[in-house]
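> my questions are about this predicted structure, shown below with the sequence.
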Number of protein chains: 2
Amino acid sequence: MSTKPSIPQGTRDFSADVVRKRNYILTTIKSVFELYGFQPLETPAMENIETLMGKYGEEGDKLIFKILNNGLNDPKNIDKAKAGFAKVLEGKNSAALTERALKYDLTIPFARYVAMNHNQLTFPFRRYQVQPVWRADRPQKGRYREFTQCDADVVGSYSLMNDVEFALIYDEVFNKLGLTGYELRINSRKILSALAQACNAPELLVAITTAIDKLDKISLDKVKEELESKGLTAGQIAIIENYVTINGTNEEKINQLNVLIGHIEDAAKGIEEINMILEHTKGKNVTVDFTLARGLNYYTGIIYEAKAPAEVSIGSIGGGGRYDDLTGLFGVPGIPGVGISFGVDRIYDVLEALQLFPANLNISTKVLFFNMGEAESRYAFGIMQQLRSAGIACELYHKTETKIGRQFNFAEKKNIPYAVIIGSEEMKQQACQVKDLATGKQETMDIDSLIHFFTHQ
Amino acid sequence: MSTKPSIPQGTRDFSADVVRKRNYILTTIKSVFELYGFQPLETPAMENIETLMGKYGEEGDKLIFKILNNGLNDPKNIDKAKAGFAKVLEGKNSAALTERALKYDLTIPFARYVAMNHNQLTFPFRRYQVQPVWRADRPQKGRYREFTQCDADVVGSYSLMNDVEFALIYDEVFNKLGLTGYELRINSRKILSALAQACNAPELLVAITTAIDKLDKISLDKVKEELESKGLTAGQIAIIENYVTINGTNEEKINQLNVLIGHIEDAAKGIEEINMILEHTKGKNVTVDFTLARGLNYYTGIIYEAKAPAEVSIGSIGGGGRYDDLTGLFGVPGIPGVGISFGVDRIYDVLEALQLFPANLNISTKVLFFNMGEAESRYAFGIMQQLRSAGIACELYHKTETKIGRQFNFAEKKNIPYAVIIGSEEMKQQACQVKDLATGKQETMDIDSLIHFFTHQ
């Protein structure tokens, strides 16, 4: 029963070098979250199916991975399972067939957690969460069916200082990763709402934002065509054209917006939010972009989008915003919040493209002890244990190998920087040969010097 | 559409304090794995269903969580899906209904990975893997449907030094965790095999080991009854009784075994393996236990079982052993190995019971800055950013609160050890009040001293 093994489409194995690079990104992000008082949360991979269904729109529902109930062929389950299967074929859910599903994002499980535990939690509640999610999307370059999301949210507070802190978190994370050329675009949903009011068409807010959102992909003319097809008049489209062509420095843009729609209360509020962020992020790469819309309709205040440095054409590497009601869907209304996420896979690609991963990330084993015979390696093993006690990772080559080149070869393939060779002669003299495999430099040391050499590098 | 939220039976949310405690365990184990040259590997949660089915016995197959294919109600899939569902009701698999499943352990995905990549890997290949697995077991105390496994294996080497190193890894991990009263029991499958030969019943090896394996749960008399029911003669049972009643120090046990079955080649080999481990683990808690059998039939040499300190009745907290053929099932024969795993949930329970978690594990935010007004908190925020740059985690209370007790209350609930209070008076003098919330001690400092106070603790 031998099968040629493979893994599911859209999933990946992460070998050691990739795990280390991913951990470098995730550890950097987590450490900054912690500096700002965020606490870790982990929720299960599986959620009850009713927790997830209906939360991501009709398209989202189709992309949720559902888990088949076990024991369907148990005689006491068969009839119910058959009825359940018939419902599934009609595009409905059936608990008789599937009660559980894999989580699709981290926001809904977080909302479910807050709703379940709101009596025990201390608000404002700051959590970060770094876990895989699953989507039955068609796999393509950079899009996977299993991928890691990396979110932070503060809930239970209207304070704009939270919104400010997220802008600073983006700045700090990207600087720590060496992505000094990042750009953080900000806008406020209140301003988009004011635009719809200025057009006397608040009911067309979604149509207007959806069209504007496409401006980085299609031309202004095409956007205008789309607005026309949605029933907007020439006058309304002219206002929108004036709005989307606002340009200049952040200050100039805000002045132009003020002239255009500053008389509308929502616009004034939005400008106040944006000014608050700008005041606290002087000298950082924050750009006001009134065309920034972001798809999710639950945003109500500041929205963010982080862009990779322009020299790589990778685009968005993070985003987020403020929302009014996290847990209402789960019967607990009145918990507002603000949150952001980092696009881990894309940040990985950016760091790779710009060669920003630290060079020694993939050094784990520091020393390979050569195996020069049974007695010699027994002696070497005692020294290895001393090094390990001192925190130096080492390995013994697994067998006596007369062709010493093979042992060098092994060290090289495994990216191990030092070889220690203890033959019978060295053993007699309680000494060893230490070879730096990068430079080729080799020296003889006594054992104490060897320990000192590696522990004081 | 408001539903009272819950999570699937047998799954858990991990809040911050639990995440930190779990990470403390996992980081300790990983750091020791790395000292011994092991490299991280991560495989997807989902595997192709044929990778998993048939690998864990009939009972195991039933406990695998299978993922329903998406788009079953798409007209082009419906007929196939119906046929597939009929097969599932017969207890068979159908790719038309389910192509993927959640991984059940880390060994089979590791074997699949090695088989897929054996041409690129450098052998001996040392990997560790710490990931969740899923089993549709009936949930009960200490048994979950989603839980973390923590494995390390070396494959592609027959060297007994690998087996020795795993015993040392257990010792080092448990000592680092403060579990100095752990016990590591070892045996060799070769010795059990020799016992079956001594009974002239090599074909009854599985029956004999299965019965012996129950000795820590049922009495010797019951084990003898079971052996009789499996068709063993009184003479055979007498040999087994002599074997299982071997006792004394490790040395005494080995001497008794030698007298009993030392003439059989497999026993001699097994004793050689055990002596090799004992030689390198002098002074450590390694106990030879010839009744140790371990269920999995693929073990062929040394087997290990780690027991929690006797004062907690938690039992096994780890186990493993040597096997001959990791990847044969996937068409790549001839890769032997040895591996161990740690029972993370049980280790957690032991550390909790013995109060061995470090006391300050749950301190994340070090300082709460009180919010004493808009101007004051703007001033405080600048100081907070200096502290954060120096790596000190801090938070600003989210709103101006005239009842200052509420701010103290928040700090206490969140386990934040220090409060910094900057009112209008302090602001004028560029000073602040620092209060140690554990001792109640409060002092006035200038800002430079404040930074120094927290960065030089």
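Everything's here; your move.
> average pLDDT across the longest helix belonging to chain A?
Ranked by residue count and defined by DSSP state H, the top helix of chain A is helix A:16-35. Here helix A:16-35 scores 98 as its mean pLDDT.
> centre of the chain to that helix, how far?
10 Å (Cα atoms, centre = their mean, to the nearest Å).
> repeat for stretch A:206-218
Centroid separation between stretch A:206-218 and its chain, computed with Cα atoms, centre = their mean, is 25 Å.
> what residues sit buried inside it?
Buried positions in stretch A:206-218, judged by neighbour count with 16 or more other Cβ atoms under 10 Å in any protein chain shown: A:207-213, A:215. Quick note: C-beta positions are derived from backbone N, CA and C, even for glycine.
> near chain B, which residues of the stretch 101-250 of chain A are found?
Contact residues, the stretch 101-250 of chain A versus chain B (Cβ under 8 Å from any Cβ of the partner chain): A:102, A:112-113, A:115-117, A:122, A:124, A:126-127, A:132, A:134, A:136, A:145-146, A:157, A:159, A:161-162, A:168, A:172.
> ok, is the strand or helix carrying A:F408 in contact with chain B or not?
Assigned by DSSP states H and E, A:F408 belongs to helix A:404-413. Yes. Counting by Cβ under 8 Å from any Cβ, chain B is contacted by helix A:404-413 at A:410, A:413.
> other SSEs contacting that helix?
Counting contacts by 3 or more Cβ pairs under 8 Å, 6 or more residues apart in numbering or on different chains; DSSP states H and E, helix A:404-413 packs against strand A:367-369, strand A:418-421.
> and the following helix or strand past the shortest one, what's buried?
Read it as strand A:367-369. Next in sequence after strand A:367-369, counting helices and strands by DSSP H and E, comes helix A:374-389. Residues of helix A:374-389 classed as buried: A:376-377, A:379-381, A:383-388 (neighbour count, 16+ other Cβ under 10 Å).
> extract the C-alpha trace of the longest helix of chain A and format it as PDB.
Provided in PDB are the C-alpha atoms of helix A:16-35 (Å, rounded to 0.1, in the frame of the first residue of the first chain):
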ATOM      1  CA  ALA A  16      13.600  25.000   9.200                       C
ATOM      2  CA  ASP A  17      14.800  28.000   7.200                       C
ATOM      3  CA  VAL A  18      11.300  29.200   6.500                       C
ATOM      4  CA  VAL A  19      10.100  28.500  10.100                       C
ATOM      5  CA  ARG A  20      13.000  30.700  11.300                       C
ATOM      6  CA  LYS A  21      12.200  33.500   8.900                       C
ATOM      7  CA  ARG A  22       8.500  33.400   9.700                       C
ATOM      8  CA  ASN A  23       9.300  33.300  13.500                       C
ATOM      9  CA  TYR A  24      11.600  36.300  13.100                       C
ATOM     10  CA  ILE A  25       8.600  38.300  11.600                       C
ATOM     11  CA  LEU A  26       6.100  37.000  14.100                       C
ATOM     12  CA  THR A  27       8.400  37.500  17.100                       C
ATOM     13  CA  THR A  28       9.100  41.100  16.000                       C
ATOM     14  CA  ILE A  29       5.400  41.900  15.700                       C
ATOM     15  CA  LYS A  30       4.400  40.100  19.000                       C
ATOM     16  CA  SER A  31       7.200  42.000  20.900                       C
ATOM     17  CA  VAL A  32       5.800  45.300  19.700                       C
ATOM     18  CA  PHE A  33       2.200  44.300  20.500                       C
ATOM     19  CA  GLU A  34       3.400  43.500  24.100                       C
ATOM     20  CA  LEU A  35       5.200  46.900  24.400                       C
END
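> other SSEs contacting that helix?
Under the contact definition 3+ Cβ pairs under 8 Å, 6+ apart, helix A:16-35 sits against strand A:125-134, strand A:146-155, helix A:160-176, helix A:344-353, strand B:39-40.
> can we see that at 6 Å?
Packed against helix A:16-35 by the contact rule (3 or more Cβ pairs under 6 Å, 6 or more residues apart in numbering or on different chains; DSSP states H and E) you find helix A:160-176, strand B:39-40.
> which residues in the stretch 51-200 of chain A form strands?
Secondary structure of the stretch 51-200 of chain A (DSSP state E, counting those that start in this stretch): strands located at A:66-67, A:100-102, A:125-134, A:146-155, A:183-188.
> could you dump those strands into TSV with mean pLDDT and mean neighbour count added?
What follows is those, written out as TSV (pLDDT from 0 to 100; neighbours: other Cβ atoms under 10 Å in any protein chain shown):
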stretch	mean pLDDT	mean neighbour count
strand A:66-67	96	25
strand A:100-102	97	25
strand A:125-134	98	22
strand A:146-155	98	22
strand A:183-188	98	24
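> now those strands in CSV, with distance to A:R22?
Output for the strands of the stretch 51-200 of chain A, formatted as CSV (distance: least, Cβ to Cβ, whole Å):
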stretch, distance to A:R22
strand A:66-67, 26
strand A:100-102, 20
strand A:125-134, 10
strand A:146-155, 8
strand A:183-188, 23
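> and the ones you listed: which comes nearest A:Y323?
Across those, A:Y323 has its closest neighbour in strand A:146-155 (9.0 Å, Cβ to Cβ).
> now for that closest one, which elements pack on it?
strand A:125-134, strand A:337-342, helix A:344-353.
> so how far is it off the chain centroid?
The answer for strand A:146-155 is 7 Å, by Cα atoms, centre = their mean.
> export it as PDB, just CAs?
Below are the C-alpha coordinates for strand A:146-155, written out as PDB (Å, rounded to 0.1, in the frame of the first residue of the first chain):
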ATOM      1  CA  GLU A 146      -4.100  27.700   5.100                       C
ATOM      2  CA  PHE A 147      -2.300  30.900   6.200                       C
ATOM      3  CA  THR A 148      -1.300  32.800   9.300                       C
ATOM      4  CA  GLN A 149      -3.200  35.800  10.400                       C
ATOM      5  CA  CYS A 150      -1.700  38.300  12.900                       C
ATOM      6  CA  ASP A 151      -4.200  40.600  14.500                       C
ATOM      7  CA  ALA A 152      -4.400  43.000  17.400                       C
ATOM      8  CA  ASP A 153      -7.500  44.700  18.700                       C
ATOM      9  CA  VAL A 154      -8.500  46.900  21.600                       C
ATOM     10  CA  VAL A 155     -12.200  46.600  22.500                       C
END
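> could you give the angle of it to helix A:16-35?
Angle of strand A:146-155 versus helix A:16-35, following axes from the mean of the first three to the mean of the last three Cα atoms, to 10 degrees, is 0 degrees.
> can you list the strands that strand A:146-155 pairs with?
Counting by DSSP bridges, the strands paired with strand A:146-155 are strand A:125-134 (antiparallel), strand A:337-342 (antiparallel).
> and for the first one, what are the contacting residues?
To tie it back to what came earlier, the one meant is strand A:125-134. Contacts with strand A:125-134, where a contact means Cβ atoms under 6 Å, 6 or more residues apart in numbering or on different chains, come from A:26, A:33, A:37-39, A:41, A:65, A:102-106, A:146, A:148-152, A:154-156.
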